[in-house]
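*Asks:* What follows is a predicted structure for the sequence shown.
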Amino acid sequence: MTELAKHYDHQAAQARCRGLWDSLRAWHAEAPAPGTPAGRVFSIVIPPPNVTGALHLGHALNNTLQDILVRARRMQGYRTLWMPGTDHAGIATQAVVERRLLEEEKLSRHDLGREALVARIWAWKEQYEKRILGQLRDLGASCDWDRTRFTLDEQCAAAVREAFLRLFKRGLVRRGKRLVNWDTFLQTAVSDDEVFHEEVKGHFWHIRYDVIDPQAGEPLSVTVATTRPETLLGDTAVAVHPDPAAALAGVEQELRAKRAAAAAKEQVAIDAALEDLAARRRDLLPLLETLARMARAGRQVRLPLLGRAIPLVADEWAKPELGSGCVKITPAHDPNDYDVGRRQSLPMINILEPNGTLNAEAGPYQGLTIKKARDRVVADLEAAGQLERVEDRLIELAHSDRSKTPIEPYLADQWFIRMAELAQPAIDAVASGRVRIYPDRYARGYLDWLSEKRDWPVSRQLWWGHRIPIWHVTGVTEGDLAAAFGGHDSIHWTSDGSGGWFVCSSAENLPTETVAGKALVRDPDVLDTWFSSALWPHSTLGWPAATPELAAFYPTSTLVTSRDILTLWVARMVIMGVFDTGEIPFHEVSIHPKILDRYGETMSKSKGNGVDPVDVIEALGADALRFALAGMATETQDVRMPVDFQCPACGHLVEQTTQNRTKPRLDCPKCGQPFRTQWATSEADLALPRGPAVSEKFEAGRNFSNKLWNATRFVLMALEGGEPVGPISADVVAHGELADRWLASRLASVAREASKAIDEYRYAELARILYGFAWDEFCSAYLELSKPRLADPATRDQARAMLVAGLDTILRLLHPIMPFVTEEIWQQLRVAAGDRRMPWDGPGPLSESIMQARWPTPPETWTDERTERQFGTFLAVVGAIREIRARQNVPPRTKVPAAIRAAADVADLLEPMRPAIESMATVELTALGPAAGGAAGATTATAAGCDVFVDLADLVDVDAEVARLEKDNAKTEGFIKAKRAKLGNETFTARAPEAVVSAERAQLAELEERLAKGEATLAALRTRKANAGG
RNA sequence: GGGCAGCUAGCUCAGUUGGUUAGAGCGCUACGUUCACACCGUAGAGGUCACAGGUUCGAAUCCUGUGCUGCCCA
């Protein structure tokens, strides 16, 4: 056979493995024929990545974890489906394409028109979907690629229309006015989740509104303050608190309570606030009381600039403790004012056009942008003498996450889905445990959010998405509609409340465009992207059709997702899944952490701190990436991932920082060569070599792959020229040598632990268990031990068989985490040990791919705690000898004599391990037993109740040994002192469990013995030194 | 403002119902290219478990409070 390369070549292996898996379609899941039992089923739908852009490390994590579950279940014999696909991500994708359109062609979407823009976005989608699916395949994701879906494809669209129609028929869809977050750049409403707040420098303008016909004792004007003076054009009232005295008293009471609990330092500030409050009561309260009376009397003030008369109203939104105590009310352009407007039945005047310019309501300011209108309004107020003063102030300003432009609150007609009825089943599903969330603390956020049952605004003024399947028609009668659409189960209509009709259809188009000569006008809006996402588990399986897939794979088994979309997505899937199918969409939800950068910030495209997983896959391998990600997926917290750019010229690592992370090119500080980053766009930059973003975190995984590879090389060399390895017999395990029984026992425990970790979604633990076992136990211990046995014809075959068994089992257990290297090795073993058979294998030849191999389920009888303890003693003895060698600087290849003093039973156990000890510790054992001892002054160590003597004769550095022993003994004395104190404490001995107390006693005895030995050795050494010196 | 989480070695993180002398990987130090692997081996150094109280025979672990960080919701 050909010699294996010394290093594992991940690039070649990845290509080979993907080819094999594709040719076998090993990732494919077939639904059983109708009427036949499905057997054990495991199904997952992928959280569809947005086609906005390429995948980053967060996606790599999410998909690695899913693949771990999927590959493990497949090997465990489940009928396993992993449904892949992507999300059209409505606003996000449209925003990206629109921004590019503007930057590159200076065109707006209106220049292009609806159809052309949508065509552009489809082109973008094709490009990124391809890229994303490619990245997933590079990662090793074993999705059923034949089933790939897209949230906007025909199948999903049909599901969306059907689901919407059903909601419509149930009266759960309503049309209503709502103050929305208006993005004036994209000209659409965006959800609260798509808004971020940023502090910006602004001003606080104090404006006087004149009182109309002031009477004796009444003020001539009231002053209000605002950060947005142009909104006064839409004012419909000025509010004052209905009972300012009581409000002030309430505030004062709160402050006093706070002061009583506050630290002295804070009390100063509170005292100042209290003084201010007292001053207000003295100076301002009488005026506010007057204004409250005037409000109740229905008095009015005159709106500056426009001259409109608007009422004074009494409303608790006005805070007497702030500013002038009065506040202007602009219901159509401020969320709080909107509430006041509803409470006080005020008119709501919208002063904005969708593009952010002022409309006719703004009178002389019509046509101006908000910014220009603001300047003009301020100037005019000043000229009119209505501007009292201006303050500088920092303002929390809402921005659109998509366009990065300021959000304008805006009153608009929207479609809503009523949640009152829909939310309850989704709440019950989690509360009752039918849907289980891991870790379970996340259930609370889910329940809290749903319990608010706020209506879901689902319309978006976008062009990219599922068009709302509603048509509007006026001037017709219900009879006309019945005549046109009666008998169509797919069509339903309701009154629009003002004489017209809304017609909803689950078909792509209505059978007619007019009713009684009146045109049906389709709603221009599209649905919130989360609407189609909410249907993902059942729409991908073919709903509303009763497909075999839906029958077999729905409800799905597990949803794997990041915690931040628990409400946005997970909750809505439960809602819609239950509504549409009557069943929950998944039984369990596995929540995983987020990956943060070195500053603890979330990775995002806009920050430029993301990492392309393909960088890592190319440089270190998909397995290295997956191993590292799995190892980071703990239950508790997010993970920091400091990232470096790797110089392509010299390999030097350049720390990624806030300064350099968005740069298209960087110069290597070591070799001076420039390289490009993922942000390069200019031709000059693109011509440079790429400096991939990497992290040392992935190197452990790469090293691990290589370790496995080299262990394989060793095993294959051992197999060369020997008898073929047949089935692993139970007899071998029961009566084999200690090392073999130990390995079998460990394989059994590790397989059990690994299976449990997978069941409980403890991915990091899974990685740790397997890494530790493969490296420290199989490679460092068992493999080393096998060396002398392989040299002995009497023990050779047995050692070979167990080496293969161990490696085979490790490969299978590791396959879900590291599919490529395990597959590559599996292929090697098929050649070298193709006749092997593990007890858990069925009849017939071993599977062609490890993907289809059986998950290890070693029999309980393999586990033997006594054997594991014995083996522990052996390892401890070897460790003790090595320690002596290391601290005395004995050259590694120098064989030295050693003796082990051990109790008879222990010595009996160690006896067969003689060659192993000699080989692993490079010693020659001169004695082993209760009477064994060393020459005077021999260097000693104690391990697992055995004393190890190594006679180094002249090799010993006596001074160093004396110093070390002194330090050691002092340390032991410290422990003894602590133990004696503990055991001398009567409450401890009386109250602690007997087992704990006796363990402490045993330890004390052991420590005392150790000290005695240490002191004896020290004395002997001193004697020797004195002799040598004399 | 409310909620959740985190604070453990230089860095990134484990630590299962409270119980030996708190662990891993990377990094660091010393020694070693030996026949699977220098992407390696052997050994070592390195921690007042954020801080302050409390419960307990015993606290990284349970309780209370404080500080800082992150996220979610208002």
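*Replies:* Perfect, I can see it now. Numbering: from 1, shown residues only, chains lettered A, B, ... in the order given.
*Asks:* From here on, just use CA atoms for contacts and neighbour counts.
*Replies:* Fine.
*Asks:* Over to A:I884: give its phi and psi.
*Replies:* A:I884 adopts backbone torsions of phi -60, psi -50, taken as degrees, to the nearest 10.
*Asks:* That one contacts A:T942, doesn't it?
*Replies:* No: judged on Cα atoms under 8 Å, A:I884 makes no contact with A:T942 at a distance of 10.4 Å.
*Asks:* Any regions of the stretch 601-750 of chain A where pLDDT drops low?
*Replies:* For the stretch 601-750 of chain A, the stretches flagged by pLDDT under 70 are A:604-608, A:636-637, A:732.
*Asks:* how about the residues of it near RNA strand B?
*Replies:* The stretch 601-750 of chain A comes close to RNA strand B at residues A:601-602, A:632, A:634-642, A:696-697, A:699-700, A:702-708, A:710-714, as judged by Cα under 7 Å from any atom of the strand.
*Asks:* now for the longest helix along chain A, which elements pack on it?
*Replies:* Counting residues, the longest helix found in chain A (DSSP state H) is helix A:994-1029. On a contact count with 3 or more Cα pairs under 8 Å, 6 or more residues apart in numbering; DSSP states H and E, helix A:994-1029 meets strand A:939-943, helix A:958-984.
*Asks:* and the first one, does that touch RNA strand B?
*Replies:* The reference is to strand A:939-943. No: figure legend: strand A:939-943 not in contact with RNA strand B (Cα under 7 Å from any atom of the strand); closest approach 10.4 Å.
*Asks:* Direction included, what does that strand pair up with?
*Replies:* strand A:946-950 (antiparallel) (DSSP bridges).
*Asks:* Alpha carbons of the partner strand, as CSV, please.
*Replies:* The C-alpha coordinates for strand A:946-950 follow below in CSV (Å, rounded to 0.1, in the frame of the first residue of the first chain):
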residue,chain,number,x,y,z
CYS,A,946,3.2,3.0,45.1
ASP,A,947,6.7,4.2,45.7
VAL,A,948,8.9,4.6,42.8
PHE,A,949,12.7,4.5,43.2
VAL,A,950,15.0,5.6,40.4
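*Asks:* what does the longest strand seen in chain A rub up against?
*Replies:* The residue-count maximum for a strand in chain A (DSSP state E) belongs to strand A:195-211. For strand A:195-211, the surrounding residues in contact (Cα atoms under 8 Å, 6 or more residues apart in numbering) are A:181, A:219-229, A:300-304, A:381, A:386-401, A:407.
*Asks:* Which of those residues fall within strands?
*Replies:* A:181, A:221-226, A:300-302, A:387-400, A:407.
*Asks:* and stretch A:276-295, average pLDDT?
*Replies:* Taken as a whole, stretch A:276-295 has an average pLDDT of 85.
*Asks:* As CSV, the helices and strands packed on helix A:994-1029 with mean neighbour count and mean pLDDT would be great.
*Replies:* Formatted as CSV, the helices and strands packed on helix A:994-1029 follow (neighbours: other Cα atoms under 10 Å; pLDDT from 0 to 100):
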stretch, mean neighbour count, mean pLDDT
strand A:939-943, 21, 73
helix A:958-984, 15, 77
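*Asks:* Export these to CSV and append columns for distance to A:E321.
*Replies:* Shown next, in CSV, are the helices and strands packed on helix A:994-1029 (distance: least, Cα to Cα, whole Å):
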stretch, distance to A:E321
strand A:939-943, 75
helix A:958-984, 62
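*Asks:* so which of these comes closest to A:N355?
*Replies:* helix A:958-984 (76.8 Å; Cα to Cα).
*Asks:* RNA strand B contacts on the stretch 401-550 of chain A?
*Replies:* Contact residues, the stretch 401-550 of chain A versus RNA strand B (Cα under 7 Å from any atom of the strand): A:441-442, A:444-445, A:449.
*Asks:* contacting residues for the spatially closest residue to A:G356 that is not a sequence neighbour?
*Replies:* Computed as Cα to Cα, 6 or more residues apart in numbering, the closest residue to A:G356 that is not its neighbour in sequence is A:T184, at 5.1 Å. A:T184 sits next to A:354-356, A:405-408 when contact means Cα under 8 Å, 6+ apart.
*Asks:* The same query, at a cut-off of 10 Å, please.
*Replies:* A:T184 makes contacts with A:352-357, A:400, A:403, A:405-408, A:410, as judged by Cα atoms under 10 Å, 6 or more residues apart in numbering.
*Asks:* Would you mind checking those residues for buried ones?
*Replies:* A:352-354, A:356-357, A:400, A:403, A:406-408, A:410 (16 or more other Cα atoms under 10 Å).
*Asks:* Could you pick out the residues of the stretch 851-1000 of chain A near RNA strand B for me?
*Replies:* So the stretch 851-1000 of chain A meets RNA strand B at A:879, A:882-883, A:886-887, A:889, A:891-893, A:972, A:975, A:979, A:985, A:987-988, A:991-993, A:996 (Cα under 7 Å from any atom of the strand).
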